[in-house]
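Student: Here is a sequence with its predicted model. Questions after.
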Amino acid sequence: MRLTVRDIQKKKGKEKIVSLTAYDFSMARLLDDSIDLLLVGDSVGMVCLGYDSTLPVTMREMLHHTKAVGRGVSRALLAADMPFGSCDTLSKAVRNAFRFLKEAGADAVKIEGGDGHTIQVVKGLRDAGIPVIGHLGLTPQRVVELGGYKVQGKTPQAAEKILTQARRLEEAGVFSVVLECIPAELGRKITAALKIPTIGIGAGPHCDGQILVLYDLLGLQDRIRPRFLRTYAFLGAEVKKAARKFRDDVRKGKYPSSRESF
Ligand code: KIV
């Protein structure tokens, strides 16, 4: 049985929530028993599909990857990102979010932002019975408006705005909120102010949980290397080494051997 929204919420103040992104079936199976919350992030666009930002990612692409991950998850709670443009009206947001739950096996959706429209969308999704995660701070779908992938909430006014948005999202009914690229002190303040758990990515150590992009953690991409990133394995180098070894073996006639042939 998968972890529920209540299971995730009960961890606040007791045990840190461990979260990673996932984009395919095999990785989801490998991650399922150590991770509490798996997110099919729209970062799929940058790390799997080769886009320069998350903006081009479509519902079709998100559903395709969420279905694959969903088939590999039996313990973690599975959330999917609402891609850019999927929530421009409330009815469209509800229709799209239902597709993640009904067709793709997700348990929840994540939506970026804390402006008035997003708050209304969150309320509408909650009225429709859809569990929602918020996302504040650096919201990559607004990267152009934010002037790049920069730390947010550095001035007292900007920090206050993010804190207010977090409170509004909580009131609107999100069960957790991702805080991306904000000063650690603001991460602490928001975490203390909310009853729901915060999950940080570049938001310091005080958040109730931490999330990283899987390809960053595994050293599989090097296009963007933010300061908060810790690389836990260097699979990119291993993949290159394996491919070179295979190439050499094939060229030298060493693969396949007789034992590997029928
Ligand atoms: O798309 C994504 O991977 C995300 C995480 C960075 C939180 O939103």
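Tutor: Arrived safely.

Student: Not counting sequence-adjacent ones, nearest residue to the one residue in the stretch 1-150 of the chain that gets nearest to the ligand?
Tutor: Residue nearest to the ligand within the stretch 1-150 of the chain: G41 (2.2 Å; CB to the nearest ligand atom). Using the backbone N, CA and C atoms, a C-beta is placed for each residue, glycine as well. Once flanking residues are discounted, G41 sits nearest to T21: 4.2 Å by CB to CB, 6 or more residues apart in numbering.

Student: and the gap between that neighbour and D115?
Tutor: Distance, T21 to D115, using CB to CB, to the nearest Å: 24 Å.

Student: Which of these two has more residues huddled nearby?
Tutor: T21 (26 against 11; other CB atoms under 10 Å).

Student: So that one sits against L39, correct?
Tutor: Yes - in this structure, T21 is within contact of L39 by CB atoms under 8 Å, at 5.0 Å.

Student: shared neighbours of the two, which are they?
Tutor: I211 (CB atoms under 8 Å, 6 or more residues apart in numbering).

Student: my read: F100 touches K110, true?
Tutor: No - contact between F100 and K110 fails when scored by CB under 8 Å: they sit 9.9 Å apart.

Student: Would you verify that I111 is located in a strand?
Tutor: Yes - counting by DSSP: H, G, I helix; E, B strand; the rest coil, I111 falls inside a strand.

Student: burial of it, as a residue count?
Tutor: If you count neighbours by other CB under 10 Å, I111 ends up with 23.

Student: For the stretch 1-150 of the chain, which residues score under the pLDDT cut-off?
Tutor: The stretch 1-150 of the chain contains no residues with pLDDT under 70.

Student: Output the set of residues of it in proximity to the ligand.
Tutor: The stretch 1-150 of the chain comes close to the ligand at residues 21, 41-43, 81, as judged by CB under 6 Å from any ligand atom.

Student: same thing with the stretch 151-262 of the chain?
Tutor: 178, 201, 211, 213.

Student: can you pick the most crowded of those?
Tutor: V178 (27 neighbours).

Student: The protein: strands as residue ranges?
Tutor: Counting by DSSP state E, the chain has strands at residues 17-21, 37-40, 77-81, 108-112, 132-137, 176-180, 198-201, 209-212.
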